[in-house]
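S.K.: predicted model and sequence below, questions to follow.
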Amino acid sequence: MPEPMPEPTFAHSRVIDFEATCCDRGTVPRHPMEIVEFGVLMAAAGFRDTKVHP
């Protein structure tokens, strides 16, 4: 059985996902890339659900 997690010292946690321009065919140069979109997920500290619901 896994050890219990310690109590968090913060109320929320954020995960940031950056999406950048890219192309598998090589028609877009690899550098410099441009960030075109980013998403953020905020969860209460101690949140244990492994499913992300849009």
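M.R.: All right, it came through fine.

S.K.: where's residue 16, which helix or strand?
M.R.: Residue 16 is part of strand 12-20, with elements assigned from DSSP states H and E.

S.K.: give the partner strands of that strand in its sheet and their orientations.
M.R.: Strand partners for strand 12-20, identified by DSSP bridges, are recorded as strand 35-44 (antiparallel).

S.K.: contact partners for residue 34?
M.R.: 20-21 (CB atoms under 8 Å, 6 or more residues apart in numbering). The way it works is simple: take the backbone N, C-alpha and C, and place the C-beta from them, glycine included.

S.K.: now it: how far from residue 19?
M.R.: For residue 34, the distance to residue 19 equals 10 Å [CB to CB, to the nearest Å].

S.K.: quick check: bridge partners of residue 17?
M.R.: In beta-bridge terms (that is, DSSP bridges), residue 17 pairs with residue 39.

S.K.: residues near it, how many?
M.R.: By the criterion of other CB atoms under 10 Å, residue 17 has 9 neighbours.

S.K.: so where's this protein uncertain?
M.R.: Within the chain, the segments meeting pLDDT under 70 span 8, 47-54.

S.K.: excluding its backbone neighbours, what's nearest residue 16?
M.R.: residue 40 (5.4 Å; CB to CB, 6 or more residues apart in numbering).

S.K.: was I right to think that neighbour contacts residue 15?
M.R.: Yes. Between residue 40 and residue 15 there is a contact under CB atoms under 8 Å: 7.1 Å.

S.K.: circling back: what's the strand holding residue 16 in contact with?
M.R.: 33-45, 47.
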